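Colleague: All I have is the shape, not the residue letters:
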């Protein structure tokens, strides 16, 4: 038992193999992180499409931490107008459910002002 660890330390090929394996594991771990993030994002989009309606899904684009420049590049003008009308009607009828209220609370101030006025 004592002989094997000492022999391993003296054997350069075993040390080089371990270094090579550890580097390969690090590279694979990087790709696994990206793969896991992609799967998580896809699952989130699926859950979002099941739980929320069309206007609520579009609302996620206007949350405070989103980049609005990317949103306007894709020409969402019609969807934006539909979203504003949706929230205006809900507020007018006092018919905001829990999801709508949480989304409305997390909108950027500029967009919130656009809906409320």
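Modeller: Arrived safely, thanks for sending. Keep in mind that what you see is a predicted model, and the values were worked out from it rather than measured. Residues are numbered from 1 along each chain as shown.
Colleague: Count the neighbours of residue 42 for me.
Modeller: 10 (other Cβ atoms under 10 Å). (C-beta placed from N, C-alpha, C; glycine too.)
Colleague: can you check residue 59 too?
Modeller: Residues near residue 59, counting by other Cβ under 10 Å, number 23.
Colleague: One more: residue 18?
Modeller: Neighbours around residue 18, by other Cβ under 10 Å: 11.
Colleague: Please report how far it lies from residue 111.
Modeller: Per Cβ to Cβ, to the nearest Å, residue 18 is found 55 Å from residue 111.
Colleague: what's the helix or strand for the residue nearest to the spatial centre of the chain?
Modeller: Closest to where the C-alpha atoms of the chain average out (Cα atoms, centre = their mean) is residue 41, at 5.2 Å. In this structure, residue 41 sits in helix 12-51 according to DSSP states H and E.
Colleague: by contact count, what packs against that helix?
Modeller: In this structure, helix 12-51 makes packing contacts with helix 3-10, judged by 3 or more Cβ pairs under 8 Å, 6 or more residues apart in numbering; DSSP states H and E.
Colleague: Identify each buried residue in stretch 106-117, please.
Modeller: Judged by neighbour count (16 or more other Cβ atoms under 10 Å), stretch 106-117 contains these buried residues: 107, 111-112, 114-115.
Colleague: what does stretch 84-94 give?
Modeller: Here stretch 84-94 shows 86-87, 90 as buried, counting by 16+ other Cβ under 10 Å.
Colleague: In a markdown table, list these along with distance to residue 60.
Modeller: Output for the buried residues of stretch 84-94, formatted as a markdown table (distance: Cβ to Cβ, whole Å):
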| residue | distance to residue 60 |
| --- | --- |
| 86 | 14 |
| 87 | 13 |
| 90 | 16 |
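Colleague: In a markdown table: the residues you listed, plus secondary structure and distance to residue 96.
Modeller: Converted to a markdown table, the buried residues of stretch 84-94 look like this (DSSP: H, G, I helix; E, B strand; the rest coil; distance: Cβ to Cβ, whole Å):
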| residue | secondary structure | distance to residue 96 |
| --- | --- | --- |
| 86 | helix | 11 |
| 87 | helix | 8 |
| 90 | helix | 5 |
